[in-house]
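# Kindly generate the corresponding structure for this input.
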Amino acid sequence: MPVRPRRAAIALAATASMALLASACTGSAGNGATDDPAAKTTITFWHGWSAPAEVKAIQDNVDRFEKSHPNITVKVVGNINDDKLNQALRAGGSNGPDVVSSFTTANVGKFCASGALADLKPFLEKDRVDLDKTFPKVLQEYTQFEGKRCSLPLLSDAYGLYYNKDAFEAAGITAPPKTWTEFAQVAKKLTKPKGDSYEQLGFMPNYLGYETVVSHYMSQWNHRYFDAQGKSNVAADPAFAEMMTYQKSLVDGLGGFAKLDKYRTTFGDEWGAKHPFHTGQVAMQLDGEWRLNFIKDAEVGFEVGVAPLPVADDEVAEYGKGYLSGTIMGIAPQSRKQNAAWELVKYMTMDTEAVVNFANGIGNVPSTLEALKSPNLKFDARFKTFLDIARHPRSSTSDGAVNGSAYQDTLQDFAQKYEKGQVTDLRKGLGETAAQIDRDIAQAK
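Numbers count the residues shown, from 1 in each chain. As a prediction, this is how the structure comes out:
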C-alpha cells in the first residue's frame with residue numbers, strides 16, 4: 001500500500017539509545033538483550049495496515065512464520081500509525097511492541113538518529129547478510145541514515161503514470177508522453193473545459209492533488225536535496241527551480257490555480273471508488289502500483305494504461321525511472337526479546353516466499369532482488385511497468401534527515417505558495433527555504 005501518513009514522528013527520548021552489545025550466538029542492540037531465539041516465547045508485532053485484505057495478507061505471512069518457527073508466537077496488532085508507534089517506543093515497558101513497521105520512510109532519519117529503532121547491524125553481521133545481494137540500492141538507502149541501519153524494507157512502492165486509453169484514443173494520442181514538454185501538450189489536449197470548470201481534465205497538477213507532491217515530481221529530474229556538507233541544496237541545484245517553473249506553467253496552462261483547485265474540491269476520496277481517475281474526471285494520474293487493485297475493485301468503465309512518468313527534456317535517456325518508497329520494519333530498542341524479534345524481521349523482509357506471498361496479497365512491489373524476479377508473482381501485465389521502475393538504476397527516493405520529513409514539509413509549503421502566485425521571486429524564495437531547512441536541521445541535532 002502507499003505511504004499514507006505524512007506527519008513526522010516525535011523523536012524517542014535519549015535514554016532509549018544505549019551501548020551496543022553483541023555475543024557469539026546472538027545479535028543484540030539497544031539495551032543488550034540476550035534472549036535465546038530458540039526458546040519458547042511470544043513477541044508483539046505492530047503494523048499500520050487496516051483494510052481487511054491487507055490485514056489477512058500480513059496475518060497469513062505471520063502464520064507461515066509461526067509454522068516454520070514453532071517456538072515463537074506472534075501477537076499481531078494492526079492499524080498503528082507513527083504517532084501511536086512513537087508513543088509506545090517512548091514509554092517502553094513490557095506492554096510495547098517488539099517488532100514494528102511504518103509506512104513513513106521519510107522518518108527513517110529520525111528513527112535511526114534518535115535511537116527510536118534498534119541498530120540492526122549486529123543481527124545482519126551474525127547472519128552474514130549481504131545487503132547488496134539482497135535489496136535494491138534505493139531501498140537500502142531509505143532504510144538507513146548516516147551509516148546506521150535501524151530498519152529493513154518490507155515491500156516497496158513505485159510511482160508511475162496511469163492514463164485513460166479511451167480518452168487518449170478519442171483525442172488522437174497514440175502513446176504516453178516521455179518528456180514533460182510532451183506531457184504538457186497531451187494534458188492540454190485531453191482537457192475539456194465546461195464553463196468555469198471542466199468536463200474532463202487532462203491532469204491535476206496542483207500540489208494539493210492526489211500524489212502530486214514535490215518529491216514525486218522531483219524524481220523525474222536529476223537532483224540532490226543536500227550537498228556534500230549536509231546543507232540544503234534546493235537553491236543551488238537548478239533542478240528544483242526548473243521543476244517548479246515547469247509545474248507552475250502546467251498549472252497556468254490548464255486554467256490557473258483557482259480554477260483547478262475549485263475542480264479539485266469535487267473529487268472523491270483518494271482511497272475510494274470515486275477517485276477522479278476512476279470516474280473519468282481526470283485522464284492521467286500520478287500514482288503507485290496499488291492503484292491497479294483499486295481500479296479493479298471500482299470496476300472502472302474504460303481501458304487503463306500504465307507507463308513511467310515523463311522525465312526532464314534533457315534526460316530522455318533516463319525515461320523509465322520513478323519515485324520509490326515503501327514500508328519499513330524494525331525492532332523496538334526496549335524489547336527484551338530482540339533475537340526472537342529479529343527472526344520475524346528476517347523472515348518477513350528477506351525470505352523470498354514470504355516477500356512474494358505478501359506482495360501478491362496486497363498488490364505492492366516486492367522488496368528483494370530475488371522476489372522481484374520470482375515466477376510466482378501474480379499480477380496482470382501492467383504491473384510489470386512498476387517492477388521495471390523499481391529496478392531502474394536511476395529511480396530515486398527522498399533523502400533522509402535527522403528531523404525526518406520536516407525539510408520536505410518546508411519545501412512543499414514554499415512550492416504551494418509559488419504555484420498560487422503568492423511568491424514571485426522563485427530563486428529568492430528557494431534561498432530562504434534552503435536557509436530554513438538548514439536552521440531546522442541544526443536545531444534538531
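
# hey, let's count contacts and neighbours off CA atoms from now on
Fine.

# Could I get the full set of strands for the stretch 301-445 of the chain?
Assigned by DSSP state E, counting those that start in this stretch, the strands in the stretch 301-445 of the chain fall at 304-307, 324-331.

# who does the shortest one pair up with?
Under the criterion DSSP bridges, strand 304-307 sits next to strand 152-164 (antiparallel) in its sheet.

# what angle sits between the strand it pairs with and strand 324-331?
Taking axes from the mean of the first three to the mean of the last three Cα atoms, to 10 degrees, strand 152-164 and strand 324-331 form an angle of 160 degrees between their directions.

# Tell me the first helix or strand C-terminal of the helix or strand bottoming out on mean pLDDT in the chain.
Of all helical and strand segments in the chain, the minimum by mean pLDDT, DSSP states H and E falls on helix 82-91, at a mean of 76. Going down the chain from helix 82-91, the next helix or strand is strand 99-102, by DSSP states H and E.

# So which elements touch that following strand?
Applying 3 or more Cα pairs under 8 Å, 6 or more residues apart in numbering; DSSP states H and E, one finds that strand 99-102 contacts strand 41-46, strand 324-331, helix 338-350.

# Show me the one of these that comes nearest residue 57.
Taking Cα to Cα, helix 338-350 is the member of those nearest to residue 57, at 11.8 Å.

# Return the distance of the closest one from the chain's centre.
Here the centre of helix 338-350 is set off from its chain's centre by 22 Å, with Cα atoms, centre = their mean, to the nearest Å.

# Please tell me how far residue 110 sits from residue 128.
Going from residue 110 to residue 128 by Cα to Cα, to the nearest Å gives 27 Å.

# Tell me which of those two has more neighbours.
In this view residue 110 and residue 128 are compared by other Cα atoms under 10 Å, and residue 110 has more residues nearby, 24 against 9.

# and the more buried one, how far is that from residue 104?
Taken as Cα to Cα, the span from residue 110 to residue 104 is 11 Å.

# One more: residue 368?
Distance, residue 368 to residue 104, by Cα to Cα: 19 Å.

# Ok, residue 225 next?
The value you get for residue 225 to residue 104, if Cα to Cα is used, is 18 Å.

# what's the helix or strand for residue 267?
Assessed by DSSP H and E, residue 267 sits outside every helix and strand.

# Tell me, how many residues neighbour it?
17.

# try residue 64
Using other Cα under 10 Å, residue 64 has 16 neighbouring residues.

# which residue packs closest to the residue nearest in space to the middle of the chain, ignoring adjacent ones?
In the chain, the centroid-proximal residue (Cα atoms, centre = their mean) is residue 325; its distance is 2.8 Å. Counting by Cα to Cα, 6 or more residues apart in numbering, residue 325 lies nearest to residue 157, which is 5.1 Å off, once chain neighbours are set aside.

# Most distant residue from the centre of this protein?
residue 195 (37.4 Å).

# so how far is residue 251 from that one?
18 Å.

# Residue 55 too?
In terms of Cα to Cα, residue 55 sits 39 Å off from residue 251.

# In terms of neighbours, single out the busier of the two.
residue 251 (24 against 19).

# residues in contact with residue 251?
205, 206, 257, 260, 419 (Cα atoms under 8 Å, 6 or more residues apart in numbering).

# shaky segments in this protein?
Applying pLDDT under 70 to the chain flags residues 1-33, 90-94.

# Quick check: phi and psi on residue 77?
With angles defined as degrees, to the nearest 10, residue 77 sits at phi -130, psi 120.

# likewise the one 4 residues further on?
The main-chain torsion angles of residue 81 are listed as degrees, to the nearest 10 and equal phi -90, psi 180.

# for the nearest residue to it once chain neighbours are set aside, helix, strand, or coil?
Distances taken as Cα to Cα, 6+ apart place residue 48 nearest to residue 81, at 5.6 Å, with adjacent residues excluded. With DSSP: H, G, I helix; E, B strand; the rest coil as the basis, residue 48 sits in coil.

# all helices for the stretch 251-400 of the chain, in order.
Using DSSP state H, counting those that start in this stretch, the helices assigned to the stretch 251-400 of the chain run over residues 257-264, 276-279, 291-297, 338-350, 352-362, 369-372, 383-391.

# Residue 40 is nearest to which of those?
Checking these against residue 40 by Cα to Cα gives helix 338-350 as the closest, at 9.4 Å.

# If we go by neighbour counts, what in the helix or strand residue 56 falls within is buried?
Per DSSP H and E, residue 56 falls inside helix 52-68. By neighbour count on 16 or more other Cα atoms under 10 Å, the buried set for helix 52-68 is 54, 55, 56, 57, 58, 59, 60, 61, 62, 64, 65.

# Considering those residues, which is situated nearest to residue 298?
The closest of the buried residues of helix 52-68 to residue 298 turns out to be residue 54 (Cα to Cα; 17.1 Å).

# can you pull the contacts of that closest one?
With Cα under 8 Å, 6+ apart, residue 54 has these contacts: 361, 362.

# how near is it to residue 47?
Taken as Cα to Cα, the span from residue 54 to residue 47 is 11 Å.

# Over to residue 38?
Computed as Cα to Cα, the residue 38 to residue 47 distance reads 24 Å.

# cool, residue 319 as well?
Going from residue 319 to residue 47 by Cα to Cα gives 35 Å.

# more neighbours, the two?
residue 47 (24 against 20).

# Other residues contacting the helix ranked longest in the chain?
When the chain is parsed with DSSP state H, its longest helix is helix 426-444. Residues external to helix 426-444 that are found in contact with it (Cα under 8 Å, 6+ apart): 231-235, 241, 401-403, 406-407, 410-411, 414, 418, 423.

# 10 Å instead, please
The contact list for helix 426-444 (Cα atoms under 10 Å, 6 or more residues apart in numbering) reads 11, 110, 225-226, 230-236, 238, 240-241, 244-245, 401-404, 406-415, 417-418, 423.

# Buried only: go through those residues for me.
Using 16+ other Cα under 10 Å as the burial test, the contacts of helix 426-444 include 11, 110, 225-226, 231-236, 240-241, 244, 401-404, 406-409, 411-412, 414-415, 418 as buried.

# tell me the contacts of the residue lying closest to residue 287 once chain neighbours are set aside?
Residue nearest to residue 287 in three dimensions, not counting chain neighbours: residue 159, with 5.3 Å by Cα to Cα, 6+ apart. Residue 159 sits next to 2, 211, 216, 219, 286-291, 307-309, 321-325, 385-386, 389-390, 395 when contact means Cα under 10 Å, 6+ apart.
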